[in-house]
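**Q** The following comprises the amino acid sequence and a computationally predicted model.
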Amino acid sequence: MSVSINIVGVVRNGGFALVETLGQVNALRQMLGSSQVIIATNDNTDDTDSVLETYAAQTSGSTIIHLDGLQNAKIGRLARIAYARNRTLKALHSLKNAGTYTLVVDLDGPNSKL
């Protein structure tokens, strides 16, 4: 039986940990029957945008949602994270081939050693 999964997450200024975590996400995807990756990001001041664009260009089934301007929206950090996660879920619900399960991943470090 092959497992179909959606992997969603948000990241801002992910740094080197983002590269490591995306590598782990790809390793997980290789074990699955099918998968989709949806990542929301905003207002990066490091190379996160470049890392994500490279990842999306090299990885099928991946979507990057840019939400630049959230930092200046005068809402708190937790509200920005919630908004970004909700945008990933909205994108997920619009997919015709969404997987059976969904994994929400923290992309800025804690899951770099999955």
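**A** Now that the structure is in, tell me what you want to look at. Residues are numbered from 1 along each chain as shown.
**Q** Find the residue at the geometric middle of this structure.
**A** residue 39 (2.5 Å; C-alpha atoms, centre = their mean).
**Q** which SS state does that residue fall under?
**A** strand (DSSP: H, G, I helix; E, B strand; the rest coil).
**Q** Let me see the contact set for it.
**A** The neighbourhood of residue 39, defined by C-beta atoms under 8 Å, 6 or more residues apart in numbering, consists of 8, 9, 10, 11, 52, 62, 63, 64, 65, 88, 107. (Glycine included, C-beta is placed from N, CA and C.)
**Q** any idea which of the residues you listed is closest to residue 77?
**A** Closest approach to residue 77 among these (C-beta to C-beta): residue 10, at 11.4 Å.
**Q** Phi and psi next, for that closest one.
**A** Main-chain torsions, residue 10, degrees, to the nearest 10: phi -130, psi 150.
**Q** Report the separation between it and residue 49.
**A** Look at residue 10 and residue 49: by C-beta to C-beta, to the nearest Å, they are 14 Å apart.
**Q** list residues touching both of the two?
**A** Common neighbours of residue 10 and residue 49 (criterion: C-beta under 8 Å, 6+ apart): residue 41.
**Q** Which of these two has more residues huddled nearby?
**A** Each of residue 10 and residue 49 has its neighbours counted (other C-beta atoms under 10 Å); residue 10 has more, 26 against 17.
**Q** Nearest residue to the more buried one in space, please, no chain neighbours.
**A** Excluding the flanking residues, the one nearest residue 10 by C-beta to C-beta, 6 or more residues apart in numbering is residue 84, at 4.0 Å.
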